[in-house]
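Undergrad: Next come a sequence and a model predicted from it.
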Amino acid sequence: MVDFRISEEHEALRKTVEQFAREEVAPVIGDFYEREEFPYEIVAKMGQMGLFGLPYPEEHGGMGGDYFALCLALEELARVDSSVAVTLEAGVSLGSMPIYRFGTREQQERWLPQLCAGTALAGFGLTEPGGGSDAGATRTTARLDGDEWVINGSKCFITNSGTDITQAVTVTAVTGQTPEGRKEISSIIVPSGTPGFTVSRKYSKVGWNASDTHELSFSDCRVPAANLLGERGRGYAQFLRILDEGRIAIAALGVGLAQGCVDECLRYVQEREAFGHKIGTYQAIQFKIADMEARVHTARLAYYQAAALMLRGEPFKKESAIAKLVSSNAAMDNSREATQIFGGYGFMNEYPVGRFYRDAKILEIGEGTSEVQRMLIARHLGL
Amino acid sequence: MNIVVLVKQVPDTYSERKLADADHTLDRDSADAVLDEINERAVEEALQLQATHGGEVTVVCVGPDRATDAIRKALSMGADKAVHVSDAALHGSDAIATAKVLAKAVGTVEGVDLVLAGNEATDGRVGALPAMVAELLGLPALTHARKVEVDGSTVKVERETDEGVFFLEASLPAVISVNEKINEPRYPSFKGIMAAKKKPVSTLAIGDLGVDAGEVGLGGSWTQVTEAAPKPPRAAGQRVEDEGDGGVKVAEYLVGQKLI
């Protein structure tokens, strides 16, 4: 029989992060968002709690948990704010996970302890100005010159790539041609501050405004040959694996945002009066909130199940695509409805629902657009 | 240095808290139960003292079965073991009855150098329990500590109350209650949460402590709550129209309230 109860330890973690988000994030994050400022103090506290090390074994400085623990933490953070949630999501599933999964012993020893502690961040440079989901269109190149890679090209929309504590970005680059004549793509770790590696301006974004996103450029940037991540030519397979997992994490983040909308509305409709009654007594409002709850509930089950498959070592590509698709839909729909319920106040930045509305849209775009998720699902149905 | 921390499970201050209609005791089902915030600070202080002076940190709790969650939280923060006194006969115990049980429970822990507690629980707000426990154990009581320093066999405490700051010193063992300025408690890590599951918790009934059922519970308590009513909603404020003398009027109002 199917059982969706989560373990006592996972529940205790969920509660701890819920408390942390309520006490440490909620009171201050609105101001960071408004100033478009990266919340270093909050990230440091998240690091002290071990959130950045959640899915890793203790030998690497991790917490000995699993990917599901990370997802629960992401959901609870995103209930309050998506900028800090995506900082954790990208920090783990894009920053440290490629090094953990594909790195050599030396690479793991060099990078993982501080990434797990949250005292350092790493980014994953996949998307380029010419395309995101069409990763085969990578134009950045890396040429082996003696015992160094020489990297040229540019990357865009790279999360956590330009903070004061960013120490490296793993970039995908064309390193040659496969025997079949296709591009050979490899991943290479580029430490921050390497000559020729420029972190360009901070983007002005619609949402996720307290998170760090930059454009990166590489001009004859030289790194040791030993910075190759895993095997040469495995870059494509590597990032597909990373993105498949990452979809579950993003789904958890979307569920958190959608839940945050329900939380805020429940509070508001029991206080706000219109036409002589609390607006929560009107069926029009009740039905909206019931639909919001139904969306978040189904999206949560979808990501729980995808995570369960992944942790059991079973195929989870279709399920993670479904989880991401339905949770980003839920986030969009719930934030739109929540903003509507709040009326004029919903349009004011001082209430979280307006922030949720702005933060929801990217969930239909980042780490594979909703169209890409549908493509993956259709492909699994044999179309 | 072996430290005992007295902890209590209380209704979450973020949820609506109610008393049961029948006997005016806490309606435990109406609110989420959590480890009292001030106890988190007491546990944190114990862990910081342990980091410097070594020894073991034991959590002692009197409460129903579900208080295990509060105990687990303290263990996941890093405490080593726990004593949980749970007994149906304890329902409705007042501060003195609870203090008697706590004192006996502290007695089951060997070689205690220091007993730490919060200065006041967020539910009952009696604020007398640490002193009562000290009295029953025959130990010095240093209450409302905002700073604790242990040096050999003496402990120095900065005690802060509305009256001012007092610098106290006592020889160990002693009982200390901490206030909200003592520290910022850590959030448990997942590693801590998983480790907590394996830490020993000895669950005792009052009979195991040699406490008679007649000394505790609603019947054995010296005080009884005979009536309880929610606070009336706050009355509307007084409006001051500024006709050039707004500042004076506000000042007069504050003087009238003896606030300035």
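TA: Cool, the structure landed. The shown structure was predicted, so the numbers you read here are calculated from the model rather than taken from an experiment.

Undergrad: Please name the nearest non-neighbouring residue to the residue of the stretch 51-200 of chain B found nearest chain A.
TA: Ranked by CB to the nearest CB, the top residue of the stretch 51-200 of chain B for proximity to chain A is B:Ser189, at 3.6 Å. All C-beta atoms are positioned from the backbone trio N, CA, C, and that covers glycine. On the basis of CB to CB, 6 or more residues apart in numbering or on different chains, the spatially nearest residue to B:Ser189 that is not a chain neighbour turns out to be A:Gly50, at 3.6 Å.

Undergrad: Repeat that for B:Tyr187.
TA: In space, and not counting its chain neighbours, B:Tyr187 is closest to A:Met49: 4.6 Å by CB to CB, 6+ apart.

Undergrad: Just list the residues touching the residue nearest to B:Ser189, thanks.
TA: For A:Gly50, the contacting residues are A:62-63, A:116, B:189-191, taking CB atoms under 8 Å, 6 or more residues apart in numbering or on different chains as the criterion.

Undergrad: Looking at those, which are in helices?
TA: A:116, B:190-191 (DSSP state H).

Undergrad: filter those residues to the buried ones?
TA: Among those, those classed as buried by neighbour count (16 or more other CB atoms under 10 Å in any protein chain shown) are A:116, B:190-191.

Undergrad: Quick check: of those, which lies closest to B:Leu102?
TA: Within those, proximity to B:Leu102 (CB to CB) peaks at B:Lys191, which comes in at 30.1 Å.

Undergrad: Next one: that closest one, what pLDDT does it get?
TA: Residue-level confidence at B:Lys191 comes out at 94, pLDDT.

Undergrad: you'd agree it is up against A:Gly64?
TA: Yes. In terms of CB atoms under 8 Å, B:Lys191 counts as a neighbour of A:Gly64; the distance is 5.8 Å.

Undergrad: what residues do those two have in common as contacts?
TA: With the criterion set as CB under 8 Å, 6+ apart, the overlap between the contacts of B:Lys191 and A:Gly64 is A:Glu58.

Undergrad: and the residue of chain A nearest chain B?
TA: With CB to the nearest CB as the measure, A:Gly50 is the residue of chain A nearest to chain B, at 3.6 Å.

Undergrad: how about the helices of the stretch 201-350 of chain A, start to end?
TA: Secondary structure of the stretch 201-350 of chain A (DSSP state H, counting those that start in this stretch): helices at A:235-269, A:283-311, A:317-342.

Undergrad: I should have written the stretch 151-260 of chain B there, sorry.
TA: The residue ranges that make up the helices of the stretch 151-260 of chain B, judged by DSSP H, counting those that start in this stretch, are B:190-196, B:217-220, B:246-256.

Undergrad: Could you say which of the ones you listed is packed most deeply?
TA: When neighbours are counted by mean count of other CB atoms under 10 Å in any protein chain shown, the highest per-stretch mean among these falls to helix B:190-196, a mean of 22.

Undergrad: packing partners for the strand or helix carrying A:Lys45?
TA: Applying DSSP states H and E as the criterion places A:Lys45 in helix A:40-48. Where contact means 3 or more CB pairs under 8 Å, 6 or more residues apart in numbering or on different chains; DSSP states H and E, helix A:40-48 is packed against helix A:26-35, helix A:82-89.

Undergrad: can you redo those as CSV with mean neighbour count and mean pLDDT?
TA: CSV is the format used below for these (neighbours: other CB atoms under 10 Å in any protein chain shown; pLDDT from 0 to 100):
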stretch, mean neighbour count, mean pLDDT
helix A:26-35, 16, 96
helix A:82-89, 29, 98
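
Undergrad: Make JSON lines from these and add distance to B:Leu102 to it.
TA: Written out in JSON lines, the entries for the helices and strands packed on helix A:40-48 read as follows (distance: least, CB to CB, whole Å):
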{"stretch": "helix A:26-35", "distance to B:Leu102": "34"}
{"stretch": "helix A:82-89", "distance to B:Leu102": "40"}
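
Undergrad: got the contact list for residue 191?
TA: Reading this off chain A. A:167-168, A:223, A:227.

Undergrad: switch to chain B, that's the one I care about
TA: By CB under 8 Å, 6+ apart, B:Lys191 lies in contact with A:50, A:58, A:63-65.

Undergrad: again, only using 7 Å
TA: Counting by CB atoms under 7 Å, 6 or more residues apart in numbering or on different chains, B:Lys191 makes contact with A:50, A:58, A:63-64.

Undergrad: Which of the residues you listed ranks first by neighbour count?
TA: For the contacts of B:Lys191, the largest number of neighbours (other CB atoms under 10 Å in any protein chain shown) sits with A:Gly50, at 27 neighbours.

Undergrad: What about residue 57, how many residues nearby?
TA: All of this refers to chain A. Summarising burial for A:Pro57: neighbours were counted as other CB under 10 Å, giving 14.

Undergrad: My question was about chain B, not that one.
TA: For B:Val57, the number of neighbouring residues by other CB under 10 Å comes to 25.

Undergrad: now swap in A:Gly207 and tell me
TA: Using other CB under 10 Å, A:Gly207 has 20 other residues around it.

Undergrad: That one: what's it in contact with?
TA: With contact taken as CB under 7 Å, 6+ apart, A:Gly207 is in contact with A:358-359, A:361-362.

Undergrad: Which positions are bridged to B:Leu142 in the beta structure?
TA: Counting by DSSP bridges, B:Leu142 is bridged to B:Ile176.

Undergrad: just to revisit the earlier point, just the pLDDT at the residue nearest to B:Ser189, thanks.
TA: pLDDT, the model's per-residue confidence, is 96 for A:Gly50.

Undergrad: and it, how far is that from A:Leu70?
TA: 11 Å (CB to CB, to the nearest Å).

Undergrad: Please apply the same query to B:Thr68.
TA: To A:Leu70, B:Thr68 is 26 Å away according to CB to CB.

Undergrad: Tell me which of the two has more neighbours.
TA: Of the pair B:Thr68 and A:Leu70, A:Leu70 is the one with more neighbours under other CB under 10 Å, namely 29 against 18.

Undergrad: Check which helix or strand the more buried one maps to.
TA: Assignment of secondary structure by DSSP H and E places A:Leu70 within helix A:67-80.

Undergrad: Quick check: closest non-adjacent residue to B:Ala131.
TA: Using CB to CB, 6+ apart and skipping residues adjacent in sequence, the residue nearest B:Ala131 is B:Ala141, 4.6 Å away.

Undergrad: Stretch A:258-268: which residues count as buried?
TA: A:258-262, A:264-265, A:268.

Undergrad: Tell me the residues of chain B that contact chain A?
TA: Residues of chain B lying close to chain A (CB under 7 Å from any CB of the partner chain) are B:72, B:76, B:187-191, B:193-194, B:197.

Undergrad: low pLDDT regions in the stretch 1-150 of chain B?
TA: Low-confidence regions of the stretch 1-150 of chain B, defined by pLDDT under 70, are absent; no residue qualifies.

Undergrad: got the residue ranges for the helices in it?
TA: With DSSP H, counting those that start in this stretch as the criterion, the stretch 1-150 of chain B has helices spanning B:37-53, B:68-77, B:95-107, B:129-137.

Undergrad: Just name the most buried of the ones you listed.
TA: Looking across the helices of the stretch 1-150 of chain B with neighbours counted as mean count of other CB under 10 Å, the highest average goes to helix B:68-77: a mean of 24.

Undergrad: helices or strands up against that helix?
TA: With contacts defined as 3 or more CB pairs under 7 Å, 6 or more residues apart in numbering or on different chains; DSSP states H and E, helix B:68-77 has these neighbours: strand B:3-7, strand B:33-35, helix B:37-53, strand B:57-62, strand B:81-85, helix B:190-196.

Undergrad: Of all the ones you listed, which one is nearest B:Ala95?
TA: Proximity of the helices and strands packed on helix B:68-77 to B:Ala95 was assessed by CB to CB; the nearest stretch is strand B:57-62, lying at 11.3 Å.
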